[in-house]
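Engineer: Sharing a sequence plus its predicted fold:
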Amino acid sequence: MSSETLSPRPSELSQAEFVEHYGDIYEHSPWVAELAWQRGLGPEQDSPQGLAEAMGRVLREAEPERQLEVIRAHPDLAGEAAIAGELTDDSTREQAGAGLDQCTPEEMARFERLNGAYKERFGFPFVMAVKGSDRHAILAAFETRLENDPAEERRTAIEQINRIAAFRLADRAR
């Protein structure tokens, strides 16, 4: 486990304080933080890794419809919300870090086409933890994941969302 500690320490916060500090880790879904706090937080959840595991477990164990709500709360990669400047601060940084703000017109058209095909096939946006990736790898992942069956892709999206949350928590410990 990481020796880094989150500040404020999650295990020392009231539910309201915890949700205020960590409720935005999951895109527009503070209920994940609420349930993690209700299940109990100890010193092992004061590290980014420990808290990511606790919050990730909440999402993995949630009812399918709640999971879909979280998946659907995510913006399209290089989509209209990004172009219009309507992303959360975290999403804006993550997409820019992967170079999605530097797409050529041809790449933007490809993202639009793939976002549409993906949503038509699965009923939710393509979600990928893009930190450490680039637009070429993201486009390749789009192509590969379009071949998944819907149940497998929902599980993959949840795994990716939990990776995003872990990255966000690690960034807050720095």
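Structural biologist: That came through fine. Everything quoted here is computed from the prediction, not taken from an experiment.
Engineer: what's near enough to touch residue 22?
Structural biologist: 10, 33, 36, 51, 55, 169 (Cβ atoms under 8 Å, 6 or more residues apart in numbering). For the C-beta atoms, the positions are set from N, CA and C on the backbone; glycine is no exception.
Engineer: Name the secondary structure element that contains residue 57.
Structural biologist: Using DSSP states H and E, residue 57 maps to helix 48-61.
Engineer: just the helices in this structure please.
Structural biologist: 15-22, 31-39, 48-61, 64-72, 80-83, 89-97, 105-122, 135-145, 150-172 (DSSP state H).
Engineer: could those go into JSON lines alongside mean pLDDT?
Structural biologist: As requested, the helices of the chain are exported to JSON lines (pLDDT from 0 to 100):
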{"stretch": "helix 15-22", "mean pLDDT": "98"}
{"stretch": "helix 31-39", "mean pLDDT": "98"}
{"stretch": "helix 48-61", "mean pLDDT": "98"}
{"stretch": "helix 64-72", "mean pLDDT": "97"}
{"stretch": "helix 80-83", "mean pLDDT": "66"}
{"stretch": "helix 89-97", "mean pLDDT": "83"}
{"stretch": "helix 105-122", "mean pLDDT": "95"}
{"stretch": "helix 135-145", "mean pLDDT": "95"}
{"stretch": "helix 150-172", "mean pLDDT": "97"}
